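>>> Prediction below, plus the sequence it came from.
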Amino acid sequence: MGSLESGIPSVTRDPSLRSPSISLAIRRRLRSKFSHFRLDYLQWLCSVAVFLSFVISFTLFLPGLKDANINPRYLFSLRDKIAGLYFAEHTLRFEPSNVLLRFQREAVDLKHLSAFNVTLRRFSHRKPQLALVFADLLPDQQQLLMVSVGAALCEIGYDIQVYSLEDGPARDAWKKMGVTVSIVQSNYTTPIGIDWLNFNGIFVNSLEAKSILYCFMQEPFKYLPLFLIVDNTALAIRAKEYNSTGQTELLNIWKKIFNRATAVIFPNYALPISFSAFDSGNFLAVSGSPAAALDADSVLSLSGRQSYEEISLGSGDFVIGIVCSQFFYKGLWLEHALLLKAIKPLLADLGEVSASHVRILIFCGTSSSKYSVALEAIAQKLGYPIGTVEHKAVDDDANRFLRLADLVIYGSFLEEKTFPEILIKAMCFGKPVMAPNLSMISKYVDDRMNGFLFPKGNLKALREIIKQLVWKGKLSALAHEVALRAKVTARNFGASEAVEGYAQILETILRLPSEVSTPKSVGDLSPEFKKHWKWDFFGAVVTPVYQNRTLRSLSFLGNDEELWNQTLRGSLGKTGAEELFVYSIWEEQKSIELTAARKKREDEELKDRTEQSHGTWEDVYRSAKKADRTKNDLRERDERELERTGQPLCIYEPFLGEGTWPFLHVNSLYRGIGLSTKGRRPGGDDIDGPSRLPILNNPYYRDILGDFGAYFSISNRIDRIHKNAWIGFQSWRATANKACLSAVAETALISSIQSKKHGDALYFWIRMDKDHRNPLQQDFWSFCDSINAGNCKFAFLEALKRMYGFNFDLSDLPPMPSDGDTWSVMQSWALPTKSFLEFTMFSRMFVDALDEQMYEEHHQTGHCYMSLSQDKHCYSRVLELLVNVWAYHSARRMFYVDPLTGLMQEQHRLHNRKGRMWIKWFSYVTLKSMDEDYAEEFDSDHPRRRWLWPSTGEIFWQGVLERERSQRHKQKERRKQLSKEKIERIKRRQHQKALGKYIKPPLEELDNSNTTTVQ
């Protein structure tokens, strides 16, 4: 196992041949996040063409080729001498992996934190959960791989659940293992109702599951460990077309998906090269896949009767197949020349047959490569008859040629990290295999047991082995015996590496909660889980149904591109007649607006000409204040809001991100409250939490407070948004885990509230003894310790000491007895609004005490003593259980409501609590006086220290009332003073004397002056 950067030795240009003028440019071109190299496809093709031209010219004038008795060691020495030559092709360079090292560095030893004298413990009450996501359940190589790996993971201590977009025959294989299989109905518009937070890691085994991948790019699933497995080059092929056609947006979407993955896993070290454009430093390679064996089985079953004439071979020809590395590197042609030179003297000895009946097929390169021209030139110089040596591209249907070969030779001397897949196919076809004694090949091939090995530099040994394998134009008995054993063993090559590789990735990357057990080491795994693929789980289903995964992926990508283009065309607007229709509507609307504006202007002019009754300034002031208060109510209220005003209960559902939308209710009883300004539901009447509580704009406190951020947001000036007598909260995870209230339970709860049957009580509907984190049904404090690394009681004691100001060592916790009843979890409960305000009053001070003791360590390092690893939620799991402590010790009645039937059962009856409750410390009088002390300190002293409490709600005490009363009195006195000063100024004002006196004329004169004489 390794990353993309490891696997092949670095082959670089000789510094003496490097031009200084282009050296810097080349080095800049080769830089990237992925092996510091960016592959330019067109330039690579041109470089290869130049290289091949040089090869042909060099071969034609190679002096040693004219001598039939040339020493093969000379060619090896020549190869070493020219190894530094640079033939203008880009050379790939791989560097050691740093993906797993990065996670290993993050795995700091947290058994003892320096800031606190505490010990972190793991309780191991449940197994780690893994989710495997597939696009379908067809029995192909990926299903066989994951079934084999999954069986091993289950054996060492993991629990697995399988999700697939389509059903298929492979479902039976998972059922044999006892794994739950769920078929997900999903597309780009239908939300997926799965709570992925239940899993410690997710494997997505195909890019065709793109609709599910979108879930992990949204809150609250953005930071889950996600492992994306890529086993074919379909997307890499299409990505080149995206660049050429300008579909950069679609390409960027895929890059974001690759970037989101914690690790992108490839089955070999060659495949990541094709995806270099998508690399963000998270590529890994886990060698081992049954693809080659499965492909060979498919070829044998589908083309068993293929004739020699179809592929231009004679029935009596003796065919030698030379296969090579999956990497096309610069020394390959010389290695092939060495092999052809070694085989040439044996042509006449291959069974006393004419040399014209010997065919040598070299499988290397691509169909677009001109490597065949170079090979023909080499063969001609070595004296091979025309047509004896033939080049076959690997991207052609090489399987049918390889199946008809009599002998297969691995003709590459390059050290690799994985066993060559084409060699596995040859062994599965039942062909005797010869290979150099490279480290990776020697790991699987035992000489003369399942193959034949020869020293890399000893061509004489190669000739001797061929003489032993061929007798009179036929394979010897030894060759058949070895090939038969190889056919059996090759089917399971790579199984051990795959199992160990995936187990090591999980062991290194996963950060398990304290209640989750640590799996066993893969070294303790039984050999039966590592030595063989799980062929028996599939039976005879695999081969007939097997399809080429690359073709299916290309088909999916084609459909995805078509859907994306349709969406893009729809977003660009309408054309033709639709555009004309929209323009006519716009013209009509413009005319209506102009007419309305003209009429409004005329009305205002007429209004100015009529007498107006002016009121006093006080009336104008009251009207302005009324308009200001009602400006936010000008919007049209929907039916849910109107219905909610007449209900006794409103249940709020805190949520964060679009990933939670499928689990939120849409009716008048429920109302969402967003913890972030982003990810709010369009068109809904959800409450914007950060606008009511600005501290939620801080991601640190938004994550660590969790649902308590919603509690503090609503309680802050609660009368502005909540006007119901009762208030409730329900986590979206309750709906995701099918533990939310049914319609029957909702009716029963509302009926009990309206009848005031139980008075001031706490109703909850998710039990602690049924929680998946509590399989042992522990008591309250033991459960709290198990989910908080064994330090829940310590944190609670420290918080109470800081909160109440104890100067002595508080050793006793508030008792939470195990009397056969249960407690509330997952923050889904309801209680009177007045009691809720009392609870938030207590919670604000308790959270402030927790923050005071943990902020420095947690904010700087990300570690706190309530988690075994870096955890941004830290003490949120303590807050989840806080309502139980407050309700029990404040003498509230507690009722469990069955979420299905609505049946109510009282828990921890009051008469059983006598002598156990800390009523003095949890009474309203005590809490109110403490709250006022906090407010007075902040309002009077204005402390400059970092203090969380003032940011979590209202600041109110008696001094605030007195100060407001004093301010109102001062304003009143100020207005009186201003009025007196105004009156005095009027009195002191000097009035100008009248210039004359007007005398009104008699009425008769007025009548005569208005009379007109008509003559």
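Nice, thanks for sending it over.
>>> Figure out the length between the terminal residues of stretch 165-180.
In terms of CA to CA, to the nearest Å, the two terminal residues of stretch 165-180 are separated by 14 Å.
>>> Give me the buried positions along that stretch.
Counting neighbours by 16 or more other CB atoms under 10 Å, one finds that the buried residues in stretch 165-180 are L165, G168, P169, A170, R171, A173, W174, V179. From N, CA and C alone the C-beta is placed, and that goes for glycine too.
>>> Secondary structure element holding the third one?
It refers to P169. Under the criterion of DSSP states H and E, P169 resides outside all helices and strands.
>>> correct me, but it touches D136?
No - counting by CB atoms under 8 Å, P169 stays clear of D136, with 10.1 Å between them.
>>> hang on, the earlier thing: any idea which of the buried residues of stretch 165-180 is closest to Q326?
Closest approach between these and Q326, by CB to CB: A170, at 27.7 Å.
>>> Run a quick check on the closest one versus L137, I expect a contact.
Yes - between A170 and L137 there is a contact under CB under 8 Å: 4.1 Å.
>>> Quickly list what's touching both of the two.
Taking CB atoms under 8 Å, 6 or more residues apart in numbering as the contact rule, A170 and L137 both touch Q143.
>>> pLDDT on stretch 677-685, on average?
Stretch 677-685 comes out with an average pLDDT of 83.
>>> From one end of that stretch to the other, what's the distance?
Using CA to CA, the end-to-end distance of stretch 677-685 comes out at 13 Å.
>>> next one: stretch 267-278
For stretch 267-278, the first and last residues are 17 Å from each other (CA to CA).
>>> mind listing what's buried in that stretch?
Neighbour counts using 16+ other CB under 10 Å place P267, N268, Y269, A270, L271, P272, I273, S274, F275, S276, A277, F278 of stretch 267-278 among the buried residues.
>>> May I ask which two of the residues you listed are separated the most?
Longest span within the buried residues of stretch 267-278, CB to CB: P267 and A277, 19.4 Å.
>>> Quick check: chain neighbours aside, which residue is closest to A503?
Distances taken as CB to CB, 6 or more residues apart in numbering put V522 closest to A503, at 3.9 Å, once the chain neighbours are dropped.
>>> Could you measure from that neighbour over to N268?
Between V522 and N268 the distance is 21 Å, computed by CB to CB, to the nearest Å.
>>> N492 now?
According to CB to CB, N492 and N268 sit 17 Å apart.
>>> Please, where are all the strands along the stretch 601-750 of the chain?
649-655, 670-674, 687-688, 726-729 (DSSP state E, counting those that start in this stretch).
>>> can you list those in a markdown table and add distance to R680 and mean neighbour count?
What follows is the strands of the stretch 601-750 of the chain, written out as a markdown table (distance: least, CB to CB, whole Å; neighbours: other CB atoms under 10 Å):
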| stretch | distance to R680 | mean neighbour count |
| --- | --- | --- |
| strand 649-655 | 9 | 24 |
| strand 670-674 | 5 | 22 |
| strand 687-688 | 7 | 17 |
| strand 726-729 | 18 | 23 |
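>>> before we move on, which element is L338 in?
Assigned by DSSP H and E, L338 belongs to helix 332-343.
>>> Distance from that helix to the middle of the chain?
Centre-to-centre, helix 332-343 and its host chain are 48 Å apart (CA atoms, centre = their mean, to the nearest Å).
>>> The helix or strand that comes right after that helix pairs with which strands, parallel or anti?
Sequence order places strand 358-363 as the next helix or strand after helix 332-343, per DSSP H and E. Strand pairing for strand 358-363, determined by DSSP bridges: strand 318-323 (parallel), strand 389-392 (parallel).
>>> So which residue is dead centre in the protein?
F216 (3.6 Å; CA atoms, centre = their mean).
>>> buried residues in stretch 439-453?
Going by neighbour count (16+ other CB under 10 Å), the buried part of stretch 439-453 is I441, Y444, V445, N450, G451, F452, L453.
>>> And the pLDDT for the third one?
Going back to what we said before, that points to V445. V445 carries a pLDDT value of 91.
>>> pLDDT of stretch 771-785, averaged?
Mean pLDDT, stretch 771-785: 93.
>>> can you check stretch 421-438 too?
On average, the pLDDT along stretch 421-438 is 91.
>>> Give me the distance between the two termini of that stretch.
In terms of CA to CA, the two terminal residues of stretch 421-438 are separated by 15 Å.
>>> Could you give me the buried positions within that stretch?
421-436, 438.
>>> Repeat that for stretch 920-928.
Neighbour counts over stretch 920-928 (16+ other CB under 10 Å) mark W921, F922, L927 as buried.
>>> Considering these, which is situated nearest to P694?
Nearest to P694, judged by CB to CB, of the buried residues of stretch 920-928 is L927 at 24.4 Å.
>>> And what about that closest one, helix, strand or coil?
For L927, the assignment made with DSSP: H, G, I helix; E, B strand; the rest coil gives helix.
>>> which residues does the closest residue to V960 other than its chain neighbours contact?
Distances taken as CB to CB, 6+ apart place D939 nearest to V960, at 6.6 Å, with adjacent residues excluded. Residues in contact with D939 (CB under 8 Å, 6+ apart) are I955, W957, G959, V960.
>>> cool, and Y855?
By CB under 8 Å, 6+ apart, Y855 lies in contact with R946, L948.
>>> Kindly report the same for A152.
Going by CB under 8 Å, 6+ apart, A152 touches V499, A503, V522, L525, F529, K530.
>>> Ranking by neighbours, what's the top pick from the residues you listed?
V499 (27 neighbours; other CB atoms under 10 Å).
>>> I'd assumed G150 was in contact with that residue.
No - counting by CB under 8 Å, V499 stays clear of G150, with 9.9 Å between them.
>>> what's the residue nearest to V960 sitting at in phi/psi?
phi -80, psi -30 (degrees, to the nearest 10).
>>> hang on, the earlier thing: kindly reformat the buried residues of stretch 267-278 as a markdown table containing secondary structure and distance to I212.
Formatted as a markdown table, those follow (DSSP: H, G, I helix; E, B strand; the rest coil; distance: CB to CB, whole Å):
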| residue | secondary structure | distance to I212 |
| --- | --- | --- |
| P267 | coil | 21 |
| N268 | coil | 25 |
| Y269 | coil | 28 |
| A270 | coil | 27 |
| L271 | helix | 22 |
| P272 | helix | 23 |
| I273 | helix | 27 |
| S274 | helix | 23 |
| F275 | coil | 20 |
| S276 | helix | 25 |
| A277 | helix | 23 |
| F278 | helix | 18 |
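>>> C-alpha coordinates for the helix or strand hosting K175, PDB please?
Applying DSSP H and E as the criterion places K175 in helix 171-176. Below are the C-alpha coordinates for helix 171-176, written out as PDB (Å, rounded to 0.1, in the frame of the first residue of the first chain):
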ATOM      1  CA  ARG A 171     -26.900  -8.800  -2.400                       C
ATOM      2  CA  ASP A 172     -26.900 -12.500  -1.600                       C
ATOM      3  CA  ALA A 173     -23.200 -12.400  -0.900                       C
ATOM      4  CA  TRP A 174     -23.600  -9.700   1.700                       C
ATOM      5  CA  LYS A 175     -26.500 -11.500   3.300                       C
ATOM      6  CA  LYS A 176     -24.300 -14.600   3.700                       C
END
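>>> Thanks a lot, see you next time.
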